[in-house]
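Enquirer: Structure, please.
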Amino acid sequence: MRPSPLLLVTAVALACAVDSTAPPRQLALQPSFTSQAPPAELPNVFRYSGEALFGVIDPETDLWAFAGFPDDPTQLTDCGGPGAVFSTFYVQDAGQLRNVIHEIVKGDEVNIHVYRFSTFVDPCTSEPIARGKGSLLYHDSDLLVTGNGTDSFGVGIYGTVTLTSGQTAKLWARNLWHIYPDGTVRRIFRRVTMNVM
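Expert: Residues are numbered from 1 along each chain as shown. Modelled structure (predicted):
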């Protein structure tokens, strides 16, 4: 392993918008990085890890699922806590040599918190209606939005959560967006569901 100056790029996290306008694409959350040298046959692939937070909103089901909060979000520095850390995600960026960066972010056994969307204020004061562990997959076909084609990006959060009632449920949260070469942004899909087991 060796450090790389390219790894000082801001950590990627997806914060989803409620309306049909483009969502905020990146949120820096005090990232920490490690790197791994890419295989010789893939010189334009960079792998690193960092702390991040991802979320998917679904106004229809009134749910907001997050992957990456610490066990107790109220322990975050912004909440007046001692400074809990976010979950670590593994990132792979490919395509630097062609100037179209494809990014995949993956997290296994990351914290999942689900809030009621209509009453969510912030993680400091709002109580989650469910929490558990699961996996996350984020993809972006053109991270820097070069305009050379349609950019497809989205996030999926999947796992088992425990509701405040004590019941166990399967969480499935998915959000998919396209940015077309003319700059048009379109949400393709959005859904957050919890199915009691």
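
Enquirer: Give me the neighbour count for Val110.
Expert: Other residues within reach of Val110, judged by other C-beta atoms under 10 Å, total 23. For every residue, glycine as well, the C-beta is placed using N, CA and C.

Enquirer: Mind listing the strands the helix or strand it falls within pairs with, and their directions?
Expert: Assigned by DSSP states H and E, Val110 belongs to strand 102-116. Sheet pairing here is set by DSSP bridges, and for strand 102-116 it gives strand 63-67 (antiparallel), strand 88-94 (antiparallel), strand 130-140 (antiparallel).

Enquirer: How is the nearest residue to Arg190 once chain neighbours are set aside assigned, secondary-structure-wise?
Expert: Leaving out its chain neighbours, the residue that sits closest to Arg190 by C-beta to C-beta, 6 or more residues apart in numbering is Asn175, at 5.0 Å. Following DSSP: H, G, I helix; E, B strand; the rest coil, the label given to Asn175 is strand.

Enquirer: show me what contacts Thr61?
Expert: Applying C-beta atoms under 8 Å, 6 or more residues apart in numbering to Thr61 gives the contacts Arg191, Val192, Thr193.

Enquirer: how would you label it: helix, strand or coil?
Expert: coil.

Enquirer: before we move on, what about Thr74?
Expert: Recorded secondary structure, Thr74: helix (three-state DSSP).

Enquirer: if we can go back for a sec, can you redo the strands paired with strand 102-116 as CSV with mean neighbour count, distance to Asn148 and mean pLDDT?
Expert: CSV is the format used below for these (neighbours: other C-beta atoms under 10 Å; distance: least, C-beta to C-beta, whole Å; pLDDT from 0 to 100):
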stretch, mean neighbour count, distance to Asn148, mean pLDDT
strand 63-67, 28, 30, 97
strand 88-94, 19, 15, 94
strand 130-140, 20, 14, 97
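
Enquirer: And Gly107, what's its pLDDT?
Expert: On pLDDT, Gly107 comes in at 96.

Enquirer: what do you get for Arg187?
Expert: Among the per-residue scores, Arg187 shows a pLDDT of 96.

Enquirer: With Thr74 as the reference, measure out to it.
Expert: 31 Å (C-beta to C-beta, to the nearest Å).

Enquirer: next one: Met197
Expert: According to C-beta to C-beta, Met197 stands 28 Å off from Thr74.

Enquirer: got it, and Thr61?
Expert: Distance from Thr61 to Thr74, counting by C-beta to C-beta: 25 Å.

Enquirer: Spatially central, which residue of this protein would that be?
Expert: In the chain, the residue lying closest to the centroid (C-alpha atoms, centre = their mean) is Phe54, at 2.7 Å.

Enquirer: Isn't it up against Leu136?
Expert: Yes. With contact defined as C-beta atoms under 8 Å, Phe54 reaches Leu136; the gap is 5.8 Å.

Enquirer: Lovely, talk soon.
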